[in-house]
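Colleague: Okay, predicted coordinates and the sequence, questions at the end:
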Number of protein chains: 10
Amino acid sequence: MLKGISPILSPELLATLCRMGHGEEILLADGHFPAHEFSDTVIRADGLSIPDLLDAILPLFELDAYDPAPVITMEAVEGDSLAPTVEGSYAEVIARHSELNPKISRLERYAYYERVRNAHAVVATGDVNKYANIILKKGVTPISS
Amino acid sequence: MLKGISPILSPELLATLCRMGHGEEILLADGHFPAHEFSDTVIRADGLSIPDLLDAILPLFELDAYDPAPVITMEAVEGDSLAPTVEGSYAEVIARHSELNPKISRLERYAYYERVRNAHAVVATGDVNKYANIILKKGVTPISS
Amino acid sequence: MLKGISPILSPELLATLCRMGHGEEILLADGHFPAHEFSDTVIRADGLSIPDLLDAILPLFELDAYDPAPVITMEAVEGDSLAPTVEGSYAEVIARHSELNPKISRLERYAYYERVRNAHAVVATGDVNKYANIILKKGVTPISS
Amino acid sequence: MLKGISPILSPELLATLCRMGHGEEILLADGHFPAHEFSDTVIRADGLSIPDLLDAILPLFELDAYDPAPVITMEAVEGDSLAPTVEGSYAEVIARHSELNPKISRLERYAYYERVRNAHAVVATGDVNKYANIILKKGVTPISS
Amino acid sequence: MLKGISPILSPELLATLCRMGHGEEILLADGHFPAHEFSDTVIRADGLSIPDLLDAILPLFELDAYDPAPVITMEAVEGDSLAPTVEGSYAEVIARHSELNPKISRLERYAYYERVRNAHAVVATGDVNKYANIILKKGVTPISS
Amino acid sequence: MLKGISPILSPELLATLCRMGHGEEILLADGHFPAHEFSDTVIRADGLSIPDLLDAILPLFELDAYDPAPVITMEAVEGDSLAPTVEGSYAEVIARHSELNPKISRLERYAYYERVRNAHAVVATGDVNKYANIILKKGVTPISS
Amino acid sequence: MLKGISPILSPELLATLCRMGHGEEILLADGHFPAHEFSDTVIRADGLSIPDLLDAILPLFELDAYDPAPVITMEAVEGDSLAPTVEGSYAEVIARHSELNPKISRLERYAYYERVRNAHAVVATGDVNKYANIILKKGVTPISS
Amino acid sequence: MLKGISPILSPELLATLCRMGHGEEILLADGHFPAHEFSDTVIRADGLSIPDLLDAILPLFELDAYDPAPVITMEAVEGDSLAPTVEGSYAEVIARHSELNPKISRLERYAYYERVRNAHAVVATGDVNKYANIILKKGVTPISS
Amino acid sequence: MLKGISPILSPELLATLCRMGHGEEILLADGHFPAHEFSDTVIRADGLSIPDLLDAILPLFELDAYDPAPVITMEAVEGDSLAPTVEGSYAEVIARHSELNPKISRLERYAYYERVRNAHAVVATGDVNKYANIILKKGVTPISS
Amino acid sequence: MLKGISPILSPELLATLCRMGHGEEILLADGHFPAHEFSDTVIRADGLSIPDLLDAILPLFELDAYDPAPVITMEAVEGDSLAPTVEGSYAEVIARHSELNPKISRLERYAYYERVRNAHAVVATGDVNKYANIILKKGVTPISS
């Protein structure tokens, strides 16, 4: 554990977030997501919810201001509907930590999968909400002086 | 995730618990415990509390009935006192899952460290309570038919 | 071994089943199947029969309710016939453990091979029946509370 | 699988038995035995019984004729008793395959553990009988011509 | 070494033969064959002749009865001729061990190379005869009872 | 890079600091220190000075309040003298970041080496001042809420 | 550290520069560059500026005299402008160390990325200037006698 | 294979012999010797006899002229006798290749084992003669000009 | 070192030469060649000249008699000229060791690079002559008796 | 290769020299020295002489001024004599590169071996002179500005 950093971030996740550069993406995957099918870099975060992880990550992780859609969830498949509160809970955490406060974008399922294949890493969370996956795109980190 | 198994157990922790034999011990270490100093087999469980992990582990993990002290916490160092509710919360979970329901034993600090050195593995939890470390000794697993 | 989990599942197989996400597939391959030709992730289960493994796996493993064909065997090659009792023995175990109780589908041989190439893992069982291979597709694991 | 060799032997176990030299020992450990505590070379054989493994191993594995006690089980701890049929079932398999047909020896528990520490490998079987562990000491393999 | 198994088979070769499934192929390459150019799985057998290896392998290894050509040598390149006795010596060993006793097929050089690229493994023997390479295709292993 | 964390900390150093538990120590070694002689866990920080690293580490790293000497430099060897400004520059950074603001202790050379052998890690800095090595002992990290 | 070589070069970076041949390229990437997206060989140099690294590297590293453009920065994306002083500071260091003193070339962003993919290695510096990335192409090293 | 070097030497064995320095020893172990019990560096030479290997090794390998006993076999255990022809066959090969032509020494069994523990490597041959093990001590290689 | 083998060949190079089969190629690269760009199997031979290495390799390495061009250097790029003595010095060594004594062929630069990509290995020599690279194609090794 | 650095130093040796700290030692071992017996860190330098390596190393490597004996050869064993010119040739190179110009010390054989066991690395040179081994102890590297 480190001072001022949420203790729910594992050392490996912390190093991964630190290693990411401008424009790279990370998926916080829900507990049902087939993480190993889409990534060779899977970081386990069993038992943790995505809002709690967002709350731990966003104070450290600048969202990309150059991309109008740096936060992306998956569109509901036809005939299915999004869990009403999930996206709201994400928006609330994002608003709290990001000056940019970008709108959450949605991407069609297969386009989403393709995007995950190119992500820097996938965090296998324990979140069990429906359509809970969320991609974060890293921006230009402001320099701490 | 698997049916009937708590989703907070990582695949690696599940395999480790499964691999342990009769008489082997595992430490659920609090977030301040120097896990790598005492074990080469550290399983991360950042962000998870020890009562929640006990609640997930004990339905799968038989405590050792041959040893009068299969559940062990650390004695308070002189001049220090145990957190009043920690041990109680452990006892409550143990009582709920274990027919044996063993009393929690306490071990002097340096004897405790020595015991951890011989443990099968250390789980680095995110629990931040004082004197929260707990050793579990595995018994003879009853056979599921 | 763990309480309530069949002791025939190796720690490695247990972790693999746990790591699989919604929509991922695993092949229980018979003893003659060229497992290493079609997968880099082969888990040995020499000496074990596929019905016994199904009986151990299905209490933990939810079949995919979104796919009408989450359980798949290989079609007999022309001029060859399926072992009459094999599929029946599988259906019996599936019926016993799955509320969904899906019908077993059959897939043409080369399509089957292609499917195995994309599977999460192959379990190299010791089953020596003809046309004994079976693919299981993982569904959305119900959450244990 | 190979002709004339029991299909319950995994490739890894077969290679291990082959690699052993005169005087080296292997433990067939029951499912409760803390295999990893006593050996760095653990071969999984989950779900298999020790008599079945003996039946598969002994046609290939010459017991040591130079040692009066090449087959060793663990003595019952004081106050405990051996399962009456276990040793008998072992003796039956041994008699069937070994011309030497050595008597099964028993060794006190801690001496047994020490012996296992020096063994070439430990096979983690799925046998759940009490006092089921058995050490085999390899002899001079007669040459096949 | 193991009883009833030729001592010239290394533990690694034995495990490899065991791991192969129905339809997989292995090349016994002569000492001049560029083994590493065509395979990532090369097993050394320096100093051993191919007839001796065939004599050791075939008692354990069922040739594929479904394929009319489960044993394949390389056709002589134009202007070159096969060593008269090589194929004969192979046929003799095959006849001695295989009820099927398949005719040895020949394959044009580049088609041969392509086939080797897909083989399960290449055994780098010490045989120095011309056109001595031989591919064996594994069949359905009869079960030992 | 991460927001609010000094960019001079490498991902690996950040993860290492995070992994350390209460009572574990890390050495910031000067550029002449034989780091590999005393530790198997060496993290390179070539080109960086120790005061700059202290300035980056201390906002994240709680010094041990239970030990009167959680910050330790090496005593000058007889006949040699400490660089006058080194310790002062360290004290200045420590005072700026640590409420505890412990006095810097000095340890005799060989005792120092022994201490380094037991440290969690050694950071090989590029600092070229004399007697610049400094050990930091981690305390109980205050929890960020 | 070595005499006559800048101490800011890590042993790994020194070996990498040494291993590079004529015509191979290395990127000094700024702290925001997604180094791992474009290279499997990333050398960390956190906390170091690119001018300082150039100053350390160029005395050892001959620029390619056969290529009119052996030093390459990234062109500003439309609507963006280069930091006025960055390129100047690079030119100053290059002029100081290189007799060849090549003009710094600029390459369009996506062509730049493609070039980095083929580079020998990427150095992840801590430089936080805009458009600070610089590729160096190695020439024919003059032989020291 | 290489010109002038016996083709029965594997590339790995050749490199090992080359890497050995003056005074280092290598054991040619018979097929029954527990090679892995006494060495972490075991080179397989299944199917090869020790005289053939000596015949391949000695043209390349200078025996130690400084030690009166650079070639060592194991003394017969009491009540046992050496195979009459084994040592003779070794002496014949040694005489053919070594100007030094040292007498073969014998060492008591447990002293022999201790010596093997310190050997550079063990070659696991396929020789099945009794008391066939032989240690070779490397001398000062004469320089080829 | 080994008797009758040049001491300048490293154990690794010796094993590599031995492992190569008929038709495989090895590049002796000059000190400026970008070895790692064209091969994953680079063997260092810093400080050694190519003529000295040829002199050490050719007594062991049969050139391919089936290919009219088993020894290949790189053609001078337009506007450049070959070092007059380099090829002559190679021819002299080849003539001394090879009965075949093939003429040295030259290949256009990019065709040369492509050829190197398919080579078995690249030896990174310390030769600093211009156009010094030379490819050797292995033939059928004559058997030593 | 790098400008101003002798091309006979391999990248690995260069990195090793750089990684060494004040007081650490490296052995330049002659071609007969049993390098692997005394060190786990052996760097090959086959074909290179020790004077040439000293000539390449000493411009980069400061000898220890705090130790009166930072350069150490092995004393002749009784009845043997040192090669008259070896030590002289070393002294000449040292004098040329070292302002300190320390006298070469000699150490008794077994004390020498013990010293090598504690060295940072052993360079396996191709030098074939008698008593050619030389240990270098690293000093405080003067900082290049």
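Modeller: Okay, I see it. Bear in mind that the values here come from a model prediction, so they are computed numbers and not experimental data. Numbering: from 1, shown residues only, chains lettered A, B, ... in the order given.

Colleague: burial count for the residue nearest to residue A:138 when sequence neighbours are not counted?
Modeller: Using Cβ to Cβ, 6 or more residues apart in numbering or on different chains and skipping the chain neighbours, the partner closest in space to residue A:138 is residue A:20 (4.8 Å). No exception for glycine: its C-beta is placed from N, CA and C like everyone else's. Residue A:20: 27 surrounding residues under other Cβ atoms under 10 Å in any protein chain shown.

Colleague: how close does residue A:20 get to chain J?
Modeller: Residue A:20 sits 28 Å away from chain J, going by Cβ to the nearest Cβ, to the nearest Å.

Colleague: Tell me if stretch A:91-104 is near chain B.
Modeller: No: Stretch A:91-104 stays clear of chain B (Cβ under 8 Å from any Cβ of the partner chain), getting no nearer than 15.3 Å.

Colleague: In PDB, list the C-alpha atoms belonging to that stretch.
Modeller: Extracted in PDB, the C-alpha atoms of stretch A:91-104 (Å, rounded to 0.1, in the frame of the first residue of the first chain):
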ATOM      1  CA  ALA A  91     -20.800   8.700 -14.700                       C
ATOM      2  CA  GLU A  92     -21.000   9.700 -11.000                       C
ATOM      3  CA  VAL A  93     -17.400   8.500 -10.300                       C
ATOM      4  CA  ILE A  94     -16.000  10.000 -13.400                       C
ATOM      5  CA  ALA A  95     -17.600  13.400 -12.700                       C
ATOM      6  CA  ARG A  96     -16.100  13.300  -9.200                       C
ATOM      7  CA  HIS A  97     -12.500  12.700 -10.500                       C
ATOM      8  CA  SER A  98     -12.200  14.200 -14.000                       C
ATOM      9  CA  GLU A  99     -12.300  17.800 -14.800                       C
ATOM     10  CA  LEU A 100     -12.800  16.800 -18.400                       C
ATOM     11  CA  ASN A 101     -15.800  14.800 -17.300                       C
ATOM     12  CA  PRO A 102     -16.400  13.100 -20.700                       C
ATOM     13  CA  LYS A 103     -19.700  11.600 -21.700                       C
ATOM     14  CA  ILE A 104     -19.600   7.800 -21.700                       C
END
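
Colleague: mind listing the strands for chain A?
Modeller: Along chain A, counting by DSSP state E, strands occupy A:25-29, A:42-45, A:71-74, A:105-107, A:121-125, A:134-137.

Colleague: What is the distance between the second one and the centre of its chain?
Modeller: Taking Cα atoms, centre = their mean, to the nearest Å, one finds the center of strand A:42-45 at 12 Å from the center of the full chain.

Colleague: got it, and the fourth one?
Modeller: Average the C-alpha atoms of strand A:105-107, do the same for its chain, and the two points are 13 Å apart (Cα atoms, centre = their mean).

Colleague: For chain A, give the residue positioned nearest to chain G.
Modeller: Residue nearest to chain G within chain A: residue A:21 (3.2 Å; Cβ to the nearest Cβ).

Colleague: could you measure that residue against residue F:60, distance?
Modeller: 21 Å (Cβ to Cβ, to the nearest Å).

Colleague: Burial check on residue A:105, number of neighbours?
Modeller: Neighbour count for residue A:105, taken as other Cβ under 10 Å: 14.

Colleague: hang on, isn't it packed against residue A:73?
Modeller: Yes: using Cβ atoms under 8 Å, residue A:105 is in contact with residue A:73, at 7.5 Å.

Colleague: residues contacting the residue in chain A that chain C sits nearest to?
Modeller: Closest contact between chain A and chain C, by Cβ to the nearest Cβ, is at residue A:34 (3.2 Å). By Cβ atoms under 8 Å, 6 or more residues apart in numbering or on different chains, the contact set of residue A:34 is C:20, C:21, C:22, C:23, C:24, C:120.

Colleague: just to revisit the earlier point, compile the strands of chain A into TSV and extend it with columns for distance to chain B.
Modeller: Formatted as TSV, those follow (distance: least, Cβ to the nearest Cβ, whole Å):
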stretch	distance to chain B
strand A:25-29	12
strand A:42-45	5
strand A:71-74	19
strand A:105-107	24
strand A:121-125	9
strand A:134-137	17
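
Colleague: for these, which one sits closest to residue E:29?
Modeller: Among the strands of chain A, strand A:42-45 comes nearest to residue E:29, with 38.8 Å by Cβ to Cβ.
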